[in-house]
Every structure is written in C-alpha cells, then in structure tokens.
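>>> got a predicted model here, sequence first, then my questions.
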Amino acid sequence: MDEVTLYHWEPNANSGKPMLALMEKGVPFASHYIDMLQFDQHKPEYLAINSQGTIPAMTHGSRVLTESTAIMEYVNDQFAGPDLMPGDAQDRWRVRWWMKFMDQWLGPSFSMIGWSVFVGPMVRQRDPAELDAAIERIPLPERRVAWRKAISGNFSDSEMAESRRRVGLGIAKLEEELGKRPYVGSDQYTLADINIFNSTYSLPLSQPDLAGKDKTPNIMRWLKRVYSRDAVKKTWAMGKTDLAHRYGLIMAEIEG
Amino acid sequence: MSAILYHGEPNGASLTVLAALAESGLAIECRHIDLLAGERHALPGISDSIALDLGIEGEGPVLVADGEAMTESVFLAQYLDEAAGGAGLQPTDAFARWEMMMWCRQITERLSPAAALLGNVASAQAALAAIPAEGFADITASIASDDLRERWQALHDGRIDAAQIADSEAKVAAAVERCEKQLVDGRDWLMGSFSIADLVTYSWLAAMEPLLPQAFTAAPRTQAWLARTTALPCIQAAFARATVPDPLRAWAPGPEINRWG
C-alpha cells in the first residue's frame, strides 16, 4: 500500500504539479520518466497503467490516479506533512477556483501556444509515417486532434488570437490577485501556487512583452518566493533539461 | 459572515447549489434573479468580481460573501458543505474524494456544456431573439467576459450548427452510459454514498430526460436513480424556489465547450 510511483515528463506544467506536491509533503516516490516527445505515453507499457494515455499518472499501492490537479488533492488529503490547502472554507473555494481557471481556461491557451512554437517544430522533423502511427495509438480522440494540429502547425489564426487574448488577460488578472495577497487565493502556500507556478515560471522568458520585473512586479516577487523553496529546487533537479539554471538567472535579478 | 446566494431557476448549476445549500442547513439568504435578463451581471455590492467576470461555468449562481462574488457550482457545493462543518456531501476518505472530484470534472467538462447547449436551443433561444435589439445590446455590454458574451451572441443570432447539436447529443448519451455503468452493481448513489456527484449529475441530466428521451431508454438504472434523486428533500427544497411551472426548461448560456474538443 505504501509504494508511490509517479509517471511524469519534465517538472513542468501538468507533470510538475504532483512532483512538487509530493516533494512539499515529503512523500518518497519512485520516479518513472515518460518522454512525451518520444510518445512514451501512448506505448503499451504505459497504457497498461493509464489507458487514457495522459500524463502524469500516479500509483499508490493498487490505486491508479490520473489528472494532475486531482492527484495533488489526493496527495494533500492522504499523506502527513504540511497542509497545502488553507483552513478557511472561503480561502479553499478561492484556491479551487484559481486551479480550475488555470486548468480549463488559461492553461489550454498556454499549451496551444507552447505546442505551436515548441512541441510541433520539435516532433515535425521526424518521419511522417512514424508520426502518423504514433498519433493513431492515442486513445482519446480529442488528444489525437490536438496532436495532429500541433504537428502540422494547423492552429487557425482565430484560435491562436483567442489563446493570446486569454494569456494576456490571465496574466493581468494573476498580477491583480497577487497584489491582494502573498499567494494565489490565500495567505499561505497551497496547491494553487504549485498549479499556477508550473505554468507561469517561464513567462518572463516566453512572454517578455506581458510579464517581467517592470510589467508584473507582483507575479515576479511571487515567482521568486516559490522558486526559492527547497521542494522546487529538488523537483527541478529531476528534470532532464536545464530549467533550473535558466530560471535561476532570471530570479537573481528580482528583489525578494 | 454576511452572504447572499443569487440564483436562477432550479436547473443546471443553480439547482446544484440550491440543493447543496438545503442539505447544508446553513441560513443563507437566497435571491432569485432572471438570468436571461442579464441580472447576474448587475448584482449590487460586489467589491471583488474576478470569479463573476471570468468563471467558466457561464450563467451559474453567484454567492456573494463579504463582498466577494463566488462562482462555479461544484466548488460552491464544497464550500457550503465545509462551511457547515461537514454536511456529508463529500467522502472523508482521500481516494473516495479523488473519485468524486474526477466524476464531477467529467460532468462539468463534458455533460454540462452539452446539456446547456441543447437546453438553450430548445427553450432560451426564442426568448433571447425576442429581446429588442437595444435591450440585448445593454445586456451584452454588461458582460465582462468576452467568451461568455460570445456564447450569448451566438445563441441570440442562431449560430448553432447541426454538428454542435449532434456532438452535444452524443455527450449527453455518453454521460447516461457512464451513469448506467456506475450503477450496475445495484448501488443507490453514484459514488456509493450520496455526494456532490449525485447533485451535479442530476442537475444537468434531469432536464435531458424529457428533451432527449432516446438517450435514456436503455438505461433503467439511471432512470431509477433520477427518480430517487428527485424525491430527496434537498432537491424538492430547491424546486420549491422555482418561479416558473417547469424549471427544467429554464436555461441561460452555460459553460463553453472545451476548446480542444
């Protein structure tokens, strides 16, 4: 029952959420790296764990858990360690509201942009027949459509414009929120901070016109506060890219 | 805490929250608003409106607590349960909670937008089209969210195509199949014990039974579960707040259909 295994990609976006939550709680776990760019998540070995072919997934004994935000809530409820939800009911509502806002409104826009500028070009260089076969193995029809669009660069102008509108508005609202209180939705570090940090830490690099020291000082101070946590450092050290180094340089410029 | 619950007719998101409030036993003042008249976008005394302006659920109920507008029916149901010190609407076991939240997310992401689209086309579209142009422009001008305003406009202009209807009907049928499978072991409630999952699923599915009866013909367990839920005192208390004879025919623009399908 005690054994926890996490199937994840880079400590980033959805994969980063349960990694950070487990690390904050001090729960030891076996790490199983799934290379998304090699379509490991649609291979039979992984589909045997999570038939939906989405990452991350976590096993706890015989239990299989999916959906990154819901996994974090389970981790917080199930294990001892610091409570990553506030005690006040209205604060808890606000934490949940922000997580849904990120997961279902803002996040898909971030990923549409990320896929069109990063994931698409990366995988597009491969053999088209191999890519086609890889897409055919994706269990969820909507993920098949999304991958096809990302690989062929087929997001329409209006889809991309809407995603850019949402990213701009979402960043402005987050800046406002972090002017009201030190953390997202409450006065303490919670699952909402973990959730939103994983999708926004790269903004000063990826969206310099929208986010940075001068434009969004509240976000930058909050990013630095989160970035300085031991759990973040330990989690980022598990990545196979140079995340920690690149973002360390940005954070050094910001006053705490 | 000073709080007021602004709600539409007991259907969809408003039904979930009214039933959860009844179950919680909390004494929170309820005020009925006419969602199709845009009254949700002209509520008094709100100092913090981000959730009202950018909520994903569309024209759901709004709980105003200490000047803060709170939205999203599942989270409001959790809030009411927790503010009451645990009214039995959420399992205490962590894994059972995960299962309940996964179920609710399936419902709010797939069933709710589909049911809202079908319900709006069946009953709200004609009402919106009948609003004089100037009055409609006043309503849309009061909506802060561009994407919600666009859903009002599309419904008003009749820009709902056959493919969207077919997709929504398929999603409702899929939700019924999911319920039928979940109830196959003879359990009374979707998660085993009665929970927010029952309230949320009922709130979007109850109105689909008369609208899309073919989706329910091969689902006797789901039909029995709907009847069992209808009879609950908390659902009856919510229906008692209706101001129209058939609240299950009352709709207003709902959640958006997931942008990636």
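In hand now; what should we look at?

>>> how near is residue B:19 to residue A:89?
Look at residue B:19 and residue A:89: by Cβ to Cβ, to the nearest Å, they are 18 Å apart. In short, each C-beta sits where N, CA and C put it, glycine included.

>>> which one's more surrounded, the two?
Set residue B:19 next to residue A:89 and count neighbours by other Cβ atoms under 10 Å in any protein chain shown: residue B:19 wins out with 30 against 18.

>>> hang on, isn't that one packed against residue B:237?
Yes. Counting by Cβ atoms under 8 Å, residue B:19 does reach residue B:237; the two are 7.2 Å apart.

>>> how about the helices of chain A, start to end?
Here chain A has its helices, by DSSP state H, at A:13-25, A:44-47, A:68-78, A:89-100, A:107-114, A:120-124, A:128-136, A:141-152, A:157-180, A:191-200, A:203-206, A:217-227, A:230-236, A:243-252.

>>> same question for the fourth one, mean pLDDT?
Spelled out, it's helix A:89-100. Averaged over helix A:89-100, pLDDT sits at 98.

>>> again, but for the longest one
Regarding helix A:157-180, the rounded mean pLDDT is 95.

>>> who touches it?
A:98, A:101, A:105-106, A:108-110, A:112-113, A:116, A:155, A:184-185, A:196, A:200, A:203, A:207, A:210-211, A:216, A:218-219, A:221-222, B:50, B:54, B:146-147, B:259 (Cβ atoms under 8 Å, 6 or more residues apart in numbering or on different chains).

>>> quick one: that helix to helix A:107-114, angle?
With axes from the mean of the first three to the mean of the last three Cα atoms, to 10 degrees as the basis, helix A:157-180 and helix A:107-114 are set at 120 degrees to each other.

>>> check the offset of helix A:157-180 from the chain's centre.
On the basis of Cα atoms, centre = their mean, to the nearest Å, the separation between the geometric centre of helix A:157-180 and that of its chain is 17 Å.

>>> so out of everything in chain A, what residue is nearest chain B?
Proximity of chain A to chain B (Cβ to the nearest Cβ) peaks at residue A:142, 3.2 Å away.

>>> was I right about that residue contacting residue B:258?
Yes. Using Cβ under 8 Å, residue A:142 makes contact with residue B:258 at a distance of 7.2 Å.

>>> check what pLDDT the closest residue to residue A:3 other than its chain neighbours gets.
Leaving out its chain neighbours, the residue that sits closest to residue A:3 by Cβ to Cβ, 6 or more residues apart in numbering or on different chains is residue A:61, at 6.2 Å. pLDDT, residue A:61: 96.

>>> let me see the backbone angles for residue A:61.
Main-chain torsions, residue A:61, degrees, to the nearest 10: phi 60, psi -130.

>>> re the thing from before, and the residue of chain A closest to chain B, what's its pLDDT?
The model's pLDDT for residue A:142 equals 80.

>>> what is the burial count for residue 205?
Just so you know, I chose chain A. Counted with other Cβ under 10 Å, the neighbours of residue A:205 add up to 13.

>>> wait, chain B was what I had in mind.
Residues lying near residue B:205 (other Cβ under 10 Å) number 24.

>>> so what's it up against?
Here residue B:205 is in contact with B:111, B:115, B:172, B:175-176, B:179, B:222, B:226 (Cβ under 8 Å, 6+ apart).

>>> who's in contact with residue B:42?
Contacts of residue B:42 (Cβ under 8 Å, 6+ apart): residue B:142.

>>> smallest gap between the stretch 1-150 of chain B and chain A, at which residue?
residue B:94 (3.7 Å).

>>> for chain A, name the helix or strand with the lowest mean pLDDT.
Least confident helix or strand of chain A, by mean pLDDT, DSSP states H and E, is helix A:243-252 with a mean of 68.

>>> stretch A:12-26: which residues count as buried?
Neighbour counts over stretch A:12-26 (16 or more other Cβ atoms under 10 Å in any protein chain shown) mark A:12-25 as buried.

>>> one more: stretch B:42-52?
In stretch B:42-52, residues buried by neighbour count (16+ other Cβ under 10 Å) are B:43, B:48-52.
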